[in-house]
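**Q** model the following, please.
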Amino acid sequence: MLEDKEQKRTSLERLGEFGLIEHLTQNFELNHASSIKGIGDDAAVLDSTEYKTVLTTDLLVEGVHFDLSYMPLKHLGYKAVMVNLSDVYAMNAKATQITVSLAVSNRFPLEALEELYDGIALACKMYNVDLIGGDTTSSQKGMLISVTALGQVNEEQISYRNGARPNDLLVVSGDLGGAYMGLQVLEREKEVYKVNPNSQPDLSPYSYIVERQLKPEARKDIVELLAKLEVKPTSMIDISDGLSSEIMHLSKSSGVGCNLFEDKIPLDPTVISACEEFKMDSTLVALSGGEDYELLFTVKQEDYEKIKGNPNLTVIGYMTEANEGTHLVTRGNHKIPLTAQGWNSFSNSEEE
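**A** Coordinates of the predicted model:
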């Protein structure tokens with residue numbers, strides 16, 4: 001959290017907009033055959049292949065989606081790409097290109113943006129996507145990042161949100177709640193730092209959940225795994241807003257209900273211990289926390305044999321007829337209607 005006051009600061013005005021883009025993107029290479037022309041012209045040029053193109057975009061705003069008091073700029077660049085790649089993978093597609101647009105105030109020197117683009121470059125390298133364009137402009141205050149991601153998929157392999165049918169199994173990748181609990185730890189340490197700027201937090205016991213917040217990984221591997229297992233999800237979505245609201249999105253889009261089993265929700269031991277420490281209910285955290293960027297999808301019953309026992313996947317429920325509604329089946333075997341609380345579920349708004 002401590003800022004190095006002696007670090008080099010180069011004003012962005014020295015480079016100008018085009019000079020800045022050229023400087024920040026000079027080491028990005030194009031690796032996909034579909035990327036004909038990237039940065040350096042009026043527009044990028046992509047080859048229209050036999051694949052269908054999927055496209056998604058997200059806007060991240062300082063003070064709303066990220067806090068630079070504990071979010072390193074390199075991590076922010078990486079995460080901004082992950083947020084979008086996750087949406088591409090949620091269509092059962094392969095991510096191929098991104099564009100990055102940036103608005104920053106004059107409190108950011110060139111060195112800060114170099115850090116940000118180091119994270120973007122790492123994400124491009126790790127996930128094999130091409131940076132093909134973007135824009136930079138000034139902001140009156142703070143930083144705004146807009147990333148657009150493109151991907152390719154065979155038409156018959158696209159997984160929409162509306163394909164789930166009654167009796168389909170509900171499956172999730174990875175584990176849930178880690179990103180939200182990582183945020184709680186970081187926010188707590190921020191408050192301690194405000195009181196005592198000389199304090200040095202020991203985050204080692206929380207390394208897993210802090211990384212889930214600061215450096216999430218999009219689940220490209222799950223899309224590849226499903227292809228290898230010859231399983232096509234009947235519907236799919238990524239978990240950005242919490243498990244309950246994503247289940248409700250799938251249910252509403254598909255015109256079905258759902259029974260989710262509390263005792264099947266995958267939780268890392270670190271999440272459980274952090275919930276105990278913060279006196280939070282781990283099920284509620286998994287249902288409403290958000291930012292896990294895992295994949296939630298449905299498969300036909302006959303595909304169960306292909307996915308059972310896989311450590312990356314957990315069957316957490318099944319879809320029902322629409323008139324049965326969406327429910328959480330508790331450990332005590334009680335059925336509770338699911339509500340799409342999402343990110344605001346732990347705010348004190350009802351007390352204000």
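**Q** can you list the buried residues in stretch 321-334?
**A** Buried positions in stretch 321-334, judged by neighbour count with 16 or more other CB atoms under 10 Å: Thr326, His327, Leu328, Val329. Where C-beta positions appear, they are placed from N, C-alpha and C, glycine not excepted.
**Q** in strands only, show me those residues.
**A** Among the buried residues of stretch 321-334, DSSP state E puts Thr326, His327, Leu328, Val329 in strands.
**Q** any idea which of those residues is closest to Glu22?
**A** Nearest to Glu22 among those is Thr326, at 50.5 Å by CB to CB.
**Q** what score does the closest one have for pLDDT?
**A** Note on Thr326: pLDDT of 96.
**Q** save the buried residues of stretch 321-334 as a markdown table, and put in distance to Pro166 too.
**A** Formatted as a markdown table, those follow (distance: CB to CB, whole Å):
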| residue | distance to Pro166 |
| --- | --- |
| Thr326 | 13 |
| His327 | 14 |
| Leu328 | 18 |
| Val329 | 16 |
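**Q** wait, which of those is closest to Ile237?
**A** Thr326 (13.7 Å).
**Q** just checking, that closest one touches Leu250?
**A** No - if you go by CB atoms under 8 Å, Thr326 and Leu250 don't touch, sitting 9.2 Å apart.
**Q** shared neighbours of these two, anything?
**A** The contact sets of Thr326 and Leu250 overlap at Cys258 (CB atoms under 8 Å, 6 or more residues apart in numbering).
**Q** surely Ser199 and Glu191 touch.
**A** No - taking CB under 8 Å as the definition, Ser199 is not a contact partner of Glu191, at 10.5 Å.
**Q** tally of neighbours for the nearest residue to Lys264 once chain neighbours are set aside?
**A** Distances taken as CB to CB, 6 or more residues apart in numbering place Ile316 nearest to Lys264, at 4.3 Å, with adjacent residues excluded. A count of nearby residues for Ile316, using other CB atoms under 10 Å, gives 23.
**Q** contacts only, for Ile316.
**A** For Ile316, the contacting residues are Leu170, Val171, Val172, Leu260, Phe261, Lys264, Ile265, Pro266, by CB under 8 Å, 6+ apart.
**Q** quick one: Leu186 from Phe66, how far?
**A** Taking CB to CB, to the nearest Å as the measure, Leu186 falls 11 Å from Phe66.
**Q** between these two, what contacts are shared?
**A** Both Leu186 and Phe66 lack any common contact, where contact means CB under 8 Å, 6+ apart.
**Q** does Ile120 count as helix, strand or coil?
**A** helix (DSSP: H, G, I helix; E, B strand; the rest coil).
**Q** please say which of Ser199 and Glu191 ends up with more neighbours.
**A** A count of neighbours by other CB under 10 Å puts Ser199 above the other of Ser199 and Glu191, at 12 against 8.
**Q** can I take it that that one is in a helix?
**A** No - per three-state DSSP, Ser199 lies outside any helix segment and is coil.
**Q** from Leu287, how far off is it?
**A** Taken as CB to CB, the span from Ser199 to Leu287 is 33 Å.
**Q** now Val185
**A** Val185 is 20 Å from Leu287, by CB to CB.
**Q** which of the two has more neighbours?
**A** Leu287 (27 against 20).
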